[in-house]
Structures are given as structure tokens and as C-alpha cells.
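> A structural model of the following input is requested.
(chains A and B)
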Amino acid sequence: MFHFSNIVRTKGDPRIVEGGPSLKRPEDQLARALGWFSIGLGVVEFFAPRRVTETLGVEGHETLVRAFGVREILAGIMSLSVDKNAGLWARVGGDGLDAAALLSGLTADNPKKGNIALALLMVGGIAMLDYRAAQDTKPQRPPRDARRKLYPNRSGFPKGIESARSAAKQIAAHATVGQS
Amino acid sequence: MKALVWHGKEDIRCDTVTDPEIQDPRDAIIKVTSCAICGSDLHLFHNFIPGMLPGDIMGHETMGEVVEVGSGVDGKLKKGDRIVVPFTIICGECDQCKRGNFSVCETTNRKRHLAEKVFGHSCAGLFGYTHLTGGYPGGQAEYLRVPFADATHIKVPDGVPDEQLLFLSDIFPTGWQAAVHCDIEPTDTVAIWGCGPVGQMAIRSAILLGANQVIAIDCLPERLSMAEAGGATTINFETESVVERLNELTDGKGPEKCIDCAGMEAHVLASQPDTLLDRAKQMVMLESDRPHVLREMIYVCRPGGVISVAGVYSGLSDNMPMGAFMNKGLTMRTGQTHVNRWSDDLLHRIEEGQIDPSFVITHTVPLSQGPEMYQVFRDKRDSCVKVVLKP
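As a prediction, the model looks like this:
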């Protein structure tokens, strides 16, 4: 990617000779892939709900499919953001909703129940990936009750705070005398 | 040479890059002896500020030794000089520079057309801070080309350690300017939101400028302890109501002067619903900044008071309480810091022993550990407040 961005660099500006290691972990890449997948699926659900309901034999539920599409897009955007963990948990929750909706369509009189079973299998697989990614991308911030180092001796005033305060007061007093 | 290079969101790497070259007679090259990670680098780490490209070198808090000068530097610098590099690149000749408004230098942004589109007018070029401000390679590297080096430098004496001088490049003058913008009077209460490195400098600056009372607001114990050490009364916004406590500490009048050292990535807290809304909007690119601190400052500031904004904002902020701002007759002052306007005075104060800015450093590591330290600093792990990198 940086090879393309080098086009806009001024001659003489440093360019990469050898890339260093990235701190991106495989779970970050998985989160990214799931985020884009979520957006893609959401776009299909939002713009082609009829195609989805026909495939699953649940015609008449286009509005619900559209709503699920919006949910997928939002969860996808969140999974691609710095708050990816929240996005991935949102996807896990969404997987549950998807499974519930699919199960409700798995009736004996549905001629497309085979497709629903296949979709359920896919949702299950994706849900496992979502759950794994959500577990692995937990924020690394220390918990609120973690022991922290404190810095009670770092005043920054080598002569002490009182000296800094009194110097400031003297300057202010001189300024007042100067004005009167 | 080695340098910390931006490759994308949350992806900074220590790469080997070509050495910088003199491109213009007014250039100089320095061998970097110390550089630091700034809180505003985290906005780039998170890709919240547009205009970064893979391959950009990070860093705008840098100092070092001059190893090469261009023919047009005109004797103002020579090989072997020790300099701190201001994060704002200045020409020293344009109308704004002559007025001391260095951070809006009219000359140095070499991609000014981008800034003009976004901001209406161009501002100064900055080191390592997006192509909106010139796309200049930054100083988290072994060497740095300093453009307009005859003006863009602060010469510093030998004998004073790097750690005391490095922050003249940004956070010390930024905290100082934020306090100066408040026109502090001896009876004033100054409230400061955010106790990161700039907030810590603003606290000390407000004390040095004679504030009667300084109140510091944050939620991290290590930062609050450091603020208290610097003479501030502290408020933990996770456990206390900021508005109630500020009114309590000012006999219900509110602080006369309020300083925002938090900026566009204000803490998101369930008890502050506006922060949740801002975060949601920011995520879907309906809002670029999270201006909770600005809203709170306007609400709590004493009528007739001053709001000073040192924290970085990048674009659009929603739901600003302009009714309160207008009816309370508040004044807002802001801007990137005019570093060279303050550097002589601040250097003198350091040399005199009035202040030692090195108090803020909690981590010093080799440059190669920079990528990890971005994460440590971002996640506030290991009670990290300020990271200095040694190439």
C-alpha cells in the first residue's frame, strides 16, 4: 500500500526500504474480515430483501430482512472501528437473532426448508467465528480496580510549589504597582 | 534509518526507511537524540484525523543535533548545534509569523490547497501530522529533515538534559499558551479538563501564572495524583459530578477560566449519554469529534469567563450549547500553539529551575519499542502518562 502512497511524496522524503513487524494480530484481521462480511451481507439484505425471502421461502417478511440488513451494516462498521470488540459482540447478539428468525421459518410446509437448514448451519459457523474474535479482541485496558502507580512526588517545581506560587504573587504585585 | 511509520488504523511499525536529504537551501538535518509520543499522535493512531497515508513517518516532539545544513540557513544554525524542533514549521517572514502567530504561518504548508478546502485557509506545516498540514515526515526517527530550519528551531544549551528540554517542542508551550489565553488573575479559579501530558503542563503553567486555585479533572488515579502533586485540587469524573464539585469549590459561581486539554476523544461514559451519542455518530462518520468537555465547560464556566481550548479537534462537533455560550458572555480562545512565541521565556524558566518538565515522563524506551508503546499509552497500561523514545 505504501508503494502507492509514495507517489505523493516529495523527492527526498524518506521511503520505506524494509517494513518492520506489524502488531496487528490474526484476531484483528479476523475482526476486519467479519466487519466487511457484515457490511456486505447487510447491503444484500437491505437492497434485495425479496431475493432473501424467496430463497428461504418466507415471503412477506421483507421489512424484517431490511431491518436485519441495517443491523448488520451498523455492527460491521463498529467491528471495523477502534471499538471493534463492541461491534463483534453486537454481531454475536445478531447471530442469535438471525438463528431465531430462521428457526421460526423452519416449518414442515416450507418448501425451502433445506435452504433454511443450510442458512442455520452458516449462521452457526459464523457465530463461532464472531464469538472467538470477540473473546480475542477484548480491550487490553487495565481493569478499574487494578493497582496503579501513583506519582505524588512529581510536582515539576524543583523549588517547590509554594516557591512557584509566591513567585507568581510577587510578579502580580509588581504588575499592580506598575499600573497604579 | 529506523523510523516509526503509519501503515493504517492502529498499525504503526518500526521500519527501515531511506535517510532524509536536504531538499531546499533553508533545510537542516538533525540526528534525533530524543523524541516523544504525543496524545495527539493517538488521534492519528486511531485514524480519526483524515489525511494520513501508509508510509507516513510519525512524530512531532523531537530534539537532536544538527548534522547537515543547507546553504540558505544563513549562519543561524551550524553542525553540532543542539536544537529542539517546534512542531509547527515556520518561515519567520510572512505576515502571521511577524505577528507571532507562528502556528498559522502562511508559507510552510506545502499542501495548502488541502487545508484551504477543509479549513477555509491554510495553517502552518506540521511534522508528522497528516497531509492536510503538509505531509512532512515526522521526528520519531533517527534523523529528521527540518524545513525552514533557519526559523524552525529552538537552540538549547549543553548541560541541560534532553528530558528537561524536549517538551519545549509541543506540550509545554501548548499547556502554557492554554493558560496564557485565560488571562489569569490572582483571584481566578482555573479548571482543567484532562490530566494527560498537556493537562499536566497547563496545571503547572496556571500555577506559575498566579491562579488562586487550579482544579484538575480526569478519571485515572495516576494522572490525578500527578495533578495533585503539581498543586491542583482534583475531581474524578467517574465517581463525582464535575458540575456539582466545581460549583462547590467556587461558592456556586463556577470557575472563571476553563481549559480543555482533552480534545476530540473525550472519555465515553454511560452516565454521560452525550458521550455515547457522540461515539456512535463518530463511528458512522456523522460527527468527527466528541466535544463533551466543551459542552461541560460552557455549562459550568462563570459568566464572563474564558474557555481555552488546547485539546485537538479535527472537524465537526454537534450539539454545542451556543445559547449558554452567548448568554453567559463567554470568550473562547484556541489554536495550535505558537511555539516560538513562548520558547525563550519557557527555556529561561527551565534554566532558572522554576520548572522541570521531565516530571511527566513515565516511560523511556528505545525507538524500536515505539509501536508497543503506542498501545501502552493508548490503553493507559502500566500507569503510562508520557513516553520518550530514544533512537
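
> For the residue nearest the centre of chain B, give its distance to chain A.
Central residue check for chain B by CA atoms, centre = their mean: the C-alpha nearest the mean position is that of B:Ile171, 4.9 Å away. Per CB to the nearest CB, to the nearest Å, B:Ile171 is found 12 Å from chain A. Glycine gets a C-beta too; all of them are placed from N, C-alpha and C.

> before we move on, what about B:Arg333?
Distance from B:Arg333 to chain A, by CB to the nearest CB: 20 Å.

> SS state for that residue?
Using DSSP: H, G, I helix; E, B strand; the rest coil, the structure places B:Arg333 in strand.

> Now for it: which residues touch it?
Applying CB atoms under 8 Å, 6 or more residues apart in numbering or on different chains to B:Arg333 gives the contacts B:181-182, B:306-309.

> now B:Val242
B:Val242 touches B:217, B:235, B:296, B:300, counting by CB under 8 Å, 6+ apart.

> domains in chain A, as residue ranges please.
Listed domain ranges for chain A are A:24-136, A:150-180 (source: automatic domain parsing).

> Most tightly packed of those?
Most buried of those, by mean neighbour count (mean count of other CB atoms under 10 Å in any protein chain shown): domain A:24-136, with a mean of 17.

> Can you give me the end-to-end span of it?
The straight-line separation of the ends of domain A:24-136 (CA to CA, to the nearest Å) is 12 Å.

> State the mean pLDDT of that domain.
Averaging pLDDT along domain A:24-136 gives 95.

> got it, and stretch B:307-322?
Rounded mean pLDDT across stretch B:307-322 is 94.

> for that stretch, which positions count as buried?
Using 16 or more other CB atoms under 10 Å in any protein chain shown as the test for burial, stretch B:307-322 gives B:307-314, B:317-318.

> Just give me the closest of the residues you listed to chain A.
The shortest approach to chain A among the buried residues of stretch B:307-322 belongs to B:Ser314, at 14.6 Å (CB to the nearest CB).

> of all the domains of chain A, which lies closest to B:Val388?
domain A:150-180 (14.6 Å; CB to CB).

> Is the closest one in proximity to chain B?
Yes: using CB under 8 Å from any CB of the partner chain, domain A:150-180 reaches chain B at A:150-159, A:161, A:164-165, A:167-169, A:171-172.

> which ones are touching residue 107?
Picking chain A for this. Neighbours of A:Thr107 in contact, by CB under 8 Å, 6+ apart: A:Lys113.

> sorry, should have said chain B
With contact set as CB under 8 Å, 6+ apart, B:Thr107 has these partners: B:91, B:93-94, B:97, B:148.

> Over to B:Thr133?
Applying CB under 8 Å, 6+ apart, the residues near B:Thr133 are B:51, B:109, B:111, B:115, B:123-126.

> Quick check: it vs B:Asp27, distance?
Between B:Thr133 and B:Asp27 the computed distance is 18 Å (CB to CB, to the nearest Å).

> which stretches of chain B form helices?
B:39-45, B:95-98, B:112-119, B:162-165, B:171-180, B:197-208, B:221-229, B:242-249, B:273-283, B:292-300, B:322-327, B:339-352, B:370-379 (DSSP state H).

> what about those helices, which gets the closest to A:Gly69?
Going by CB to CB, the one of the helices of chain B nearest A:Gly69 is helix B:273-283, 17.7 Å.

> Report all helices and strands that that closest one contacts.
Applying 3 or more CB pairs under 8 Å, 6 or more residues apart in numbering or on different chains; DSSP states H and E, one finds that helix B:273-283 contacts helix B:292-300.

> thought B:Glu10 was touching A:Gln29?
No: using CB atoms under 8 Å, B:Glu10 is not in contact with A:Gln29, being 11.9 Å away.

> Quickly list what's touching both of the two.
Joint contacts of B:Glu10 and A:Gln29 (CB under 8 Å, 6+ apart) do not exist.

> rewinding a little: please flag which of the contacts of B:Arg333 sit within strands.
Counting by DSSP state E, the part of the contacts of B:Arg333 found in strands is B:306-309.

> Let's have the helices of chain B in JSON lines, adding distance to B:Ile57.
As requested, the helices of chain B are exported to JSON lines (distance: least, CB to CB, whole Å):
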{"stretch": "helix B:39-45", "distance to B:Ile57": "11"}
{"stretch": "helix B:95-98", "distance to B:Ile57": "25"}
{"stretch": "helix B:112-119", "distance to B:Ile57": "18"}
{"stretch": "helix B:162-165", "distance to B:Ile57": "20"}
{"stretch": "helix B:171-180", "distance to B:Ile57": "20"}
{"stretch": "helix B:197-208", "distance to B:Ile57": "21"}
{"stretch": "helix B:221-229", "distance to B:Ile57": "28"}
{"stretch": "helix B:242-249", "distance to B:Ile57": "38"}
{"stretch": "helix B:273-283", "distance to B:Ile57": "26"}
{"stretch": "helix B:292-300", "distance to B:Ile57": "30"}
{"stretch": "helix B:322-327", "distance to B:Ile57": "39"}
{"stretch": "helix B:339-352", "distance to B:Ile57": "20"}
{"stretch": "helix B:370-379", "distance to B:Ile57": "11"}
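
> Pick the most deeply packed of the ones you listed.
helix B:197-208 (a mean of 30).

> quick check: angle from it to helix B:339-352?
70 degrees (axes from the mean of the first three to the mean of the last three CA atoms, to 10 degrees).

> Off-centre distance for helix B:197-208?
12 Å (CA atoms, centre = their mean, to the nearest Å).

> just to revisit the earlier point, could you work out which of the domains of chain A reaches nearest to B:Ile22?
Nearest to B:Ile22, of these and by CB to CB, is domain A:24-136 at 35.2 Å.

> show me where chain A has helices.
A:2-5, A:26-47, A:49-56, A:62-80, A:84-105, A:113-136, A:161-179.

> that older thread, narrow the contacts of B:Thr133 to those that are buried.
B:51, B:109, B:111, B:115, B:123-126.

> A:Leu120 versus the residue nearest the centre of chain A, what's the distance?
In chain A, the residue lying closest to the centroid (CA atoms, centre = their mean) is A:Lys84, at 2.1 Å. As judged by CB to CB, A:Lys84 and A:Leu120 stand 26 Å apart.
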